[in-house]
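Participant: Kindly generate the corresponding structure for this input.
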Amino acid sequence: MEKSNGQRVILFPLPLQGCINPMLQLAMILHSRGFSITVIHTRFNPPKPSSHPLFTFLQIPDGLSEAETRTHDVTLLLTRLNRSCKSPFRDCLTKLLQSETAEGKQRISCLIHDAQWIFTQSLAHSFESPEIGRHTL
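Facilitator: Numbering: from 1, shown residues only. Have a look, this model is predicted:
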């Protein structure tokens, strides 16, 4: 691995396998270029931190009941996740940015999120943080 460049990238994948795996592949590429990686994820369908020991994983509550996670209606699931994850994500991002300032930690250079998270772009802009929304094909 390359030496750290002193910058951190935050990744926020949707909790769907077709979204998590490509996001973690992107994280590995960015890490090889010297970026530290923080992955924010929901309780529902979390990535496996032991498979990526060089990354930091932060779980946020998703507010879904077990019955709601069993739906086969992806649109309904995404609607519920977007409704219930906005506040926990904002709180998590706030803590990360505050700890960056208070503790002189690595600078957060970018937030990369799945474009189906409909609230992340406006939150990133409110924090004056660069963001990239990506679509998994």
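Participant: How are the helices of this structure distributed by residue range?
Facilitator: Under the criterion DSSP state H, the chain contains helices at 17-32, 66-69, 74-103, 120-126.
Participant: Any idea which helix or strand in the protein has the lowest mean pLDDT?
Facilitator: When each helix and strand of the chain is scored by mean pLDDT, DSSP states H and E, strand 131-134 comes last, with a mean of 79.
Participant: so what does it touch, helix or strand wise?
Facilitator: Identification of packing neighbours for strand 131-134 by 3 or more CB pairs under 8 Å, 6 or more residues apart in numbering; DSSP states H and E yields strand 107-114, helix 120-126. Where you see a C-beta, it was placed from the backbone N, CA and C, and this is true even at glycine.
Participant: shouldn't I108 be in contact with E100?
Facilitator: Yes - with the criterion set as CB atoms under 8 Å, I108 and E100 qualify as a contacting pair; they are 5.7 Å apart.
Participant: which one of these two has more residues nearby?
Facilitator: Set side by side, I108 and E100 show more neighbours around I108, with 21 against 14, by other CB atoms under 10 Å.
Participant: what about that one, distance to N5?
Facilitator: Distance from I108 to N5, counting by CB to CB, to the nearest Å: 13 Å.
Participant: what's the answer for F55, then?
Facilitator: If you go by CB to CB, the gap between F55 and N5 works out to 16 Å.
Participant: Identify the contacts common to I108 and E100.
Facilitator: Taking CB atoms under 8 Å, 6 or more residues apart in numbering as the contact definition, I108 and E100 share the neighbouring residues R8.
Participant: From F44, how far out is the closest residue in space to A124 that isn't next to it in sequence?
Facilitator: The shortest distance from A124 to any residue that is not its chain neighbour, by CB to CB, 6 or more residues apart in numbering, is 3.6 Å, and that residue is E131. Using CB to CB, we find E131 at a distance of 22 Å from F44.
Participant: what do you get for Q59?
Facilitator: 10 Å.
Participant: So for the two, which sits in the more crowded spot?
Facilitator: Regarding Q59 and F44, a neighbour count based on other CB under 10 Å identifies F44 as having more, with 19 against 15.
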